[in-house]
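Asker: fold the following.
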Amino acid sequence: MKRAIPCVLMRAGTSRGPFFLREWLPADDTARDEALIGAIGASDLLQVDGVGGGSTLTSKVAIVSKSSEPGCDVDYLFAQVGVGQKSVDTRPNCGNMLSGVAPFAIEQGLVQAQDGETTVRVFNVNTRSRIDVTVLTPEGRVTYDGETGIDGVAGTAAPIRLNFLDAWGAVTGSLFPTGHRIDRIGGIELTCIDAAMPLVIMRARDLGLTGREAPSELDADLALLARIEAIRLAAGQAMGLGDVSGSVVPKPVIASDGDSAGSITSRYFTPRRCHASHAVTGAIGVATAFALPGTVVSGSEGRPGARVISVLHPQGRIDVEVAIEGQGAEARIQRAALVRTARKILQGELHLPPYVFSQPSEGDKSMKRLIAPAVAAVMAAAAPLAMAYPDKTITLVVPTAAGGGNDAMARTIAQKMGPLLGQTIIIDNRAGAAGAIASEFVARATPDGHTLMFGYIATHAMNPALQKLRYDPVADFAPVGLVGYSPTLMVANPNAPFKDVRELLAQLKAKPDQYMYASAGNGTAPHFAAELFKLNAGVSMIGVPYKGAAPAISDTLGGQTQLMFPSFFTALPHVKAGKLRALAIAGPKRSPLLPNVPTLKEAGVDGVDVQQWYAIFAPAKTPKAVIDQLNKALNQVLADKEVIKRIEEHGADVETSSSGTRSSRRPRHRRR
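Answerer: Residues are numbered from 1 along each chain as shown. You can find the predicted model right below:
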């Protein structure tokens with residue numbers, strides 16, 4: 001794997017990020033994404049090990065290549081890299097980064113510059129839409145200097161005109177993907193629109209807001225953020241986008257009146273924090289909803305022809321020129337255009353850290369050819385020593401955030417298992433997408449036993465049943481062994497206005513959609529248990545998914561959400577400390593650790609029986625000798641009285657299995 005690659009760092013619109021030619025990056029998409037994670041430094045919130053700036057606005061990447069699309073000059077693939085998590089999302093587009101594509105393409109020789117100005121037709125791969133981008137090129141050279149200013153950027157620069165030709169319905173296939181211009185979700189009216197960027201637009205007054213709040217004020221209102229996220233997830237399903245808990249689209253927007261008949265005020269979310277200014281693609285979507293009749297933010301009746309709509313944001317405004325064809329219900333958008341600026345910051349060689357790659361570096365191929373015969377001879381003469389495993393640090397990937405039950409069990413096992421194997425075992429938390437991000441990473445890791453996964457019911461049972469994945473839970477993994485089981489506990493914030501399940505049911509029936517439950521993410525056991533409860537009790541609650549049990553529990557402790565269905569292992573310490581109230585066990589029997597807590601069936605709600613299991617996996621094709629060695633060490637750890645006590649004190653049952661036994665088979669034995 002190449003560790004040093006060419007790169008151009010640019011400020012584009014109100015965003016910043018590295019620009020790459022496609023040929024500069026690894027050809028394999030998995031390796032490409034790992035390179036982008038290393039370039040940005042996505043592993044930590046400050047992104048100190050990369051060129052990111054600790055914000056989604058500075059964690060963006062543009063990948064450019066010669067286009068194979070008829071009539072287009074270049075292809076532009078946008079990638080949103082995670083902040084504090086190793087993720088890459090290529091579902092959305094970014095209009096700000098788009099403003100840097102044409103000057104980058106011209107300077108890299110993909111497009112011949114004209115004297116005066118040059119228009120580059122860009123094909124956005126993410127949304128399969130075309131945009132004409134016009135830049136100033138006096139004497140056939142790109143210039144970044146000029147007198148145009150845009151709100152949110154200091155100074156002035158040369159204007160770059162973006163003309164969106166066919167961005168309407170580019171992601172979902174329809175401008176109004178739900179089939180309606182107004183929907184009702186979570187008790188409020190909203191408009192789901194796909195115009196350059198899928199948006200969920202809500203009126204500020206319906207949320208008890210003025211719409212003029214500062215981003216910091218909105219970000220500090222955790223209850224509001226939880227409500228917006230719950231609405232966004234439901235809207236994503238209604239728009240045909242499926243489970244969007246691990247995606248940045250659709251983006252929520254809170255809209256209110258502007259300062260004139262031709263303006264609208266917008267607070268744009270990215271999607272879980274309010275944007276410091278506004279995204280270009282988001283501005284086009286807001287302007288489109290404002291220009292067309294029948295939406296929650298429709299302005300005066302649109303007339304055919306071009307008009308300028310001002311989208312007011314926290315740092316100023318974005319003027320969008322919208323061309324409308326037809327009137328009333330037949331009105332539609334022909335094109336939308338606006339002006340941005342860009343600046344090249346630096347150009348050179350970007351060095352990538354080795355820890356982001358799941359495949360080892362290729363190294364010096366010529367040297368490999370020279371030493372290969374000698375290595376083969378030594379290996380043949382010392383066949384018994386060929387399985388000298390492990391010979392380096394082992395990584396145990398945990399698919400949830402640090403601090404939750406999965407993380408605690410994994411760390412307990414790693415601490416004891418490392419000395420048995422003679423190597424350090426480090427924990428790598430890769431939360432998101434109900435464990436899919438971690439699962440994909442491990443499935444594609446080198447099958448040598450140095451990358452393992454702490455899997456559980458969500459990653460290998462629920463997730464595959466609920467969504468299309470880029471990994472096979474059976475074919476892509478080799479089971480190392482079971483760890484144990486844990487029942488699911490229904491808990492509530494102690495200040496919630498109900499003391500037991502009976503009172504909760506009365507509240508939910510009297511005030512539907514007034515209570516929120518937290519989960520470790522869509523497709524996880526806490527999410528599944530909550531939805532089973534809703535179904536069998538005939539009640540309604542708003543679900544708020546988090547990237548792991550730890551942040552979900554944290555918000556339930558803080559009162560931002562009122563309920564949760566965590567594992568017994570995760571919840572018990574907080575119940576014992578009086579910080580959570582145990583309402584019921586979502587299982588077949590009571591627990592001796594909480595003998596006074598009834599089962600949900602005893603409390604009047606039958607059919608909610610969710611037992612969580614945990615196991616360690618290796619990538620498929622890991623040598624059997626390695627799997628057997630790992631299984632032996634794991635079972636030895638799980639026989640340790642200290643480990644058993646720690647796990648059982650949290651309400652989980654330790655359970656072991658022979659190597660290669662999948663969780664669906666009967667385990668070898670159980671310790672209680």
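
Asker: which stretches of the stretch 1-150 of the chain form helices?
Answerer: Taking DSSP state H, counting those that start in this stretch, the helices of the stretch 1-150 of the chain run over residues 29-40, 95-98, 101-107.

Asker: deepest-packed of those, please.
Answerer: A comparison of those by mean neighbour count, using mean count of other C-beta atoms under 10 Å, puts helix 95-98 on top with a mean of 28. Where you see a C-beta, it was placed from the backbone N, CA and C, and this is true even at glycine.

Asker: out of the helices of the stretch 1-150 of the chain, flag the one nearest Gly543.
Answerer: helix 29-40 (28.4 Å; C-beta to C-beta).

Asker: what is that closest one packed up against?
Answerer: Contacts defined by 3 or more C-beta pairs under 8 Å, 6 or more residues apart in numbering; DSSP states H and E place helix 29-40 against strand 15-21, strand 60-66, strand 74-81, strand 88-89.

Asker: which one of the helices of the stretch 1-150 of the chain lies nearest to Pro545?
Answerer: The closest of the helices of the stretch 1-150 of the chain to Pro545 is helix 29-40. By C-beta to C-beta, the value is 22.4 Å.

Asker: quick one on the thing from earlier: reformat the helices and strands packed on helix 29-40 into CSV and put distance to Gly50, mean pLDDT and mean neighbour count next to each item.
Answerer: Below are the helices and strands packed on helix 29-40 laid out as CSV (distance: least, C-beta to C-beta, whole Å; pLDDT from 0 to 100; neighbours: other C-beta atoms under 10 Å):
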stretch, distance to Gly50, mean pLDDT, mean neighbour count
strand 15-21, 9, 96, 26
strand 60-66, 11, 97, 22
strand 74-81, 9, 96, 24
strand 88-89, 13, 90, 20
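
Asker: need the contact list for the nearest residue to Val244 once chain neighbours are set aside.
Answerer: Spatially, and ignoring its direct neighbours in sequence, Val244 is nearest to Gly236 (3.4 Å; C-beta to C-beta, 6 or more residues apart in numbering). Counting by C-beta atoms under 8 Å, 6 or more residues apart in numbering, Gly236 makes contact with Gly242, Asp243, Val244, Ser247, Val249, Pro250.

Asker: now do stretch 173-182: everything it contacts.
Answerer: Applying C-beta under 8 Å, 6+ apart, the contact partners of stretch 173-182 are 168-169, 189-195, 198, 235, 238-240, 288, 292, 294-296, 332-333.

Asker: in PyMOL, how would I select the buried members of the residues you listed?
Answerer: To isolate the buried ones among these in PyMOL, judged by 16 or more other C-beta atoms under 10 Å, type:
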select buried, resi 168+169+190+191+192+193+194+195+198+235+238+239+288+292+295+296+333
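
Asker: strands - which of the contacts of stretch 173-182 land there?
Answerer: When DSSP state E defines the strands, the subset of these inside them is Glu189, Leu190, Thr191, Cys192, Ile193, Asp194, Pro198, Arg332, Ile333.

Asker: what about Thr281, which SS state?
Answerer: Following DSSP: H, G, I helix; E, B strand; the rest coil, we place Thr281 in the helix state.

Asker: related to what we said a few turns ago, now distance to Arg32 too, for the helices and strands packed on helix 29-40, in CSV please.
Answerer: Listed next are these as CSV, based on distance: least, C-beta to C-beta, whole Å:
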stretch, distance to Arg32
strand 15-21, 9
strand 60-66, 8
strand 74-81, 9
strand 88-89, 8
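
Asker: minimum distance to Met516: which of these has it?
Answerer: Relative to Met516, the nearest member of the helices and strands packed on helix 29-40 by C-beta to C-beta is strand 88-89, separated by 25.0 Å.

Asker: follow-up on the earlier one: looking at the contacts of Gly236, which is nearest Asp49?
Answerer: Within the contacts of Gly236, proximity to Asp49 (C-beta to C-beta) peaks at Ser247, which comes in at 24.8 Å.

Asker: ok, that closest one - how many residues close by?
Answerer: A count of nearby residues for Ser247, using other C-beta atoms under 10 Å, gives 21.

Asker: excluding chain neighbours, what is closest to it?
Answerer: Leaving aside its sequence neighbours, Ser247 sits nearest to Arg91 (C-beta to C-beta, 6+ apart; 5.4 Å).

Asker: hang on, isn't the one you found packed against Asp194?
Answerer: No. Look at Arg91 against Asp194 with C-beta atoms under 8 Å: they stay out of range, at 12.0 Å.

Asker: which residues do the two both contact?
Answerer: Joint contacts of Arg91 and Asp194 (C-beta under 8 Å, 6+ apart) are Val171.

Asker: low-confidence ranges in the stretch 101-250 of the chain?
Answerer: Filtered on pLDDT under 70, the stretch 101-250 of the chain yields no residues whatsoever.
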